[in-house]
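Undergrad: Got a predicted model here, sequence first, then my questions.
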Amino acid sequence: MSDLLHWLGDHLWVMWAVIAGLLAAVELLTLDLVFLMLAAGAAAGAVAAAVGGGPIISVVVSVVVALGMLAAVRPVALRHLKQGSPIRTGVAALVGQPAVVMQEVSPTSGTVKIHGEIWSARPYDGQSTIEPGKTVEVLSIDGATAYVHETEKPW
């Protein structure tokens with residue numbers, strides 16, 4: 001037993017590296033970024049021990065780095081992870097897009113061309129009439145009907 005303690009005293013960085021690895025493995029199970037920050041602290045403790053810092057210095061370095069990571073890095077990382085995808089797909093990708101009126105758009109009928117596809121269309125306000133050839137903006141999609149509003153935007 002004393003040989004193991006003597007070896008650990010001489011190779012303190014190995015213990016810190018093992019702790020860092022174990023904490024990183026636990027992070028893979030939890031995915032909440034707490035154990036990853038603690039693993040970074042343990043890795044910093046391993047570096048401190050490897051360059052000659054004693055047990056007290058490596059513990060202090062480990063604690064300071066882990067707390068710093070938890071306070072500064074984790075909130076930023078969580079914010080980036082929880083952001084929704086900026087890529088819209090399907091009909092959601094058509095909202096906000098320009099379209100050209102093919103047949104007069106009225107509360108009861110009409111068609112528009114959106115990115116080369118013909119869609120049935122209605123005025124978004126439910127009462128306007130938009131003449132063929134006008135540029136409109138798609139404000140929403142319901143089923144196979146685009147709800148549009150005439151626009152002056154230079155698409």
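TA: Received the coordinates, thanks. Numbering: from 1, shown residues only.
Undergrad: contacts and neighbour counts: CA atoms only from here.
TA: Noted.
Undergrad: element containing Trp16?
TA: Using DSSP states H and E, Trp16 falls within helix 12-30.
Undergrad: Over to Ala40?
TA: helix 34-50.
Undergrad: Tell me where the protein is predicted with low confidence.
TA: Scanning the chain with the threshold set as pLDDT under 70 gives 4-6, 8-9, 84-85, 154-155.
Undergrad: domains of it?
TA: Using automatic domain parsing, the domain ranges for the chain come out as 2-82, 90-150.
Undergrad: For Ser140, which three-state class applies?
TA: strand (DSSP: H, G, I helix; E, B strand; the rest coil).
Undergrad: Cross-check the contact I'm expecting between it and Pro98.
TA: No. Counting by CA atoms under 8 Å, Ser140 does not reach Pro98; the two are 11.9 Å apart.
Undergrad: Looking only at neighbour counts, state which of the two leads.
TA: Neighbours per residue, other CA atoms under 10 Å: of Ser140 and Pro98, the larger number sits with Pro98, 22 against 18.
Undergrad: who are the neighbours in contact with the more buried one?
TA: If you count contacts by CA atoms under 8 Å, 6 or more residues apart in numbering, Pro98 has them with Ile114, Thr135, Val136, Glu137, Val138, Trp155.
Undergrad: Please list only the buried members of those residues.
TA: Buried members of these, scored by 16 or more other CA atoms under 10 Å, are Ile114, Thr135, Val136, Glu137, Val138.
Undergrad: How about the second one: which residues does it bridge to?
TA: Each beta-bridge partner of Thr135 is listed here, defined by DSSP bridges: Val100.
Undergrad: List the residues that contact Ser120.
TA: For Ser120, the contacting residues are Ser109, Gly110, Thr111, Val112, Ala144, Thr145, Ala146, by CA under 8 Å, 6+ apart.
Undergrad: swap the cut-off to 10 Å and go again
TA: Ser120 makes contacts with 101-103, 105, 109-113, 143-147, as judged by CA atoms under 10 Å, 6 or more residues apart in numbering.
Undergrad: From those, keep the buried residues only.
TA: Buried subset of those (neighbour count, 16+ other CA under 10 Å): Val101, Met102, Gln103, Val105, Gly110, Thr111, Val112, Lys113, Thr145, Ala146, Tyr147.
Undergrad: how about the residues you listed in a markdown table, adding distance to Val65?
TA: Shown next, in a markdown table, are the buried ones among the contacts of Ser120 (distance: CA to CA, whole Å):
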| residue | distance to Val65 |
| --- | --- |
| Val101 | 61 |
| Met102 | 63 |
| Gln103 | 65 |
| Val105 | 63 |
| Gly110 | 63 |
| Thr111 | 61 |
| Val112 | 59 |
| Lys113 | 57 |
| Thr145 | 56 |
| Ala146 | 54 |
| Tyr147 | 54 |
